[in-house]
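K.L.:
What follows is a protein structure lacking sequence information:
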């Protein structure tokens, strides 16, 4: 079984500052990794995904994430945030070649202040 | 843009009443998931279907919840009888389970049981 830990439940940051949202996972098999974003009163939207290959993946809205197999981490970064990035961010994992059902972390609420 | 459609968006009901939530997955997707989101538990997987067959419903309270997929364009989640602790946002997501394809989420049904 897989599990995901998002180390920070809330991250406040000022506009144009860099941000890192941390995610660690646990799995006995190879995995796919995802970051989703949820804006108020909406469903989740895919930000980016890691399937294989290059460990640095780029997503929408200027976000990127780096897969680190030895540390079982998949941290999300953005070099300069905007007010519009205020949302909840979810890290998720699914097993390669299995059911591929997504297991989510508890989320990190990013608040960007002016 | 193809979307997952969930109805109703909001539902307020009294304890003991039956609640039915509906989901229209994206045409061509072979897998449908039901998730429940609460502040305390985050996103929990309730059930999922592949090619309309139920694969896993271990996340659902069996005595009151049931999930079905009567055809490829409709998935339903029923609660009977409903209880106040069922108050949550219920999300449907669909996807093509193939090499890490991402899930597409609906906007959810916000259920309040009084």
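P.N.:
Yes, it's here. Here the structure is a predicted model, which is why all the values come from computation and not from measurement.

K.L.:
pretty sure residue A:44 is touching residue B:95, no?
P.N.:
No. Counting by C-beta atoms under 8 Å, residue A:44 stays clear of residue B:95, with 12.0 Å between them. For every residue, glycine as well, the C-beta is placed using N, CA and C.

K.L.:
list residues touching both of the two?
P.N.:
The overlap between the contact sets of residue A:44 and residue B:95 (C-beta atoms under 8 Å, 6 or more residues apart in numbering or on different chains) consists of residue B:103.

K.L.:
Which one's more surrounded, the two?
P.N.:
For residue A:44 and residue B:95, the more surrounded residue by other C-beta atoms under 10 Å in any protein chain shown is residue A:44, and the numbers stand at 30 against 24.

K.L.:
The residue of chain A found nearest chain B and residue B:13: what is the separation?
P.N.:
Per C-beta to the nearest C-beta, the residue of chain A with the smallest distance to chain B is residue A:43, at 3.4 Å. For residue A:43, the distance to residue B:13 equals 22 Å [C-beta to C-beta, to the nearest Å].

K.L.:
what does chain B have sitting close to chain A?
P.N.:
Taking C-beta under 8 Å from any C-beta of the partner chain as the measure of proximity, chain B contacts chain A at B:4, B:31, B:33, B:35, B:42-43, B:45, B:48, B:55-56, B:91, B:93, B:95, B:97, B:99-100, B:102-108.

K.L.:
now, which of those residues lie within strands?
P.N.:
Secondary structure assignment by DSSP state E places B:31, B:33, B:35, B:42-43, B:45, B:48, B:55-56, B:91, B:93, B:95, B:104-105 of the residues of chain B next to chain A in strands.

K.L.:
Throw the residues you listed into JSON lines and include pLDDT, thanks.
P.N.:
Putting those into JSON lines (pLDDT from 0 to 100) gives the following:
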{"residue": "B:31", "pLDDT": "92"}
{"residue": "B:33", "pLDDT": "95"}
{"residue": "B:35", "pLDDT": "96"}
{"residue": "B:42", "pLDDT": "91"}
{"residue": "B:43", "pLDDT": "93"}
{"residue": "B:45", "pLDDT": "93"}
{"residue": "B:48", "pLDDT": "92"}
{"residue": "B:55", "pLDDT": "89"}
{"residue": "B:56", "pLDDT": "87"}
{"residue": "B:91", "pLDDT": "96"}
{"residue": "B:93", "pLDDT": "95"}
{"residue": "B:95", "pLDDT": "91"}
{"residue": "B:104", "pLDDT": "93"}
{"residue": "B:105", "pLDDT": "94"}
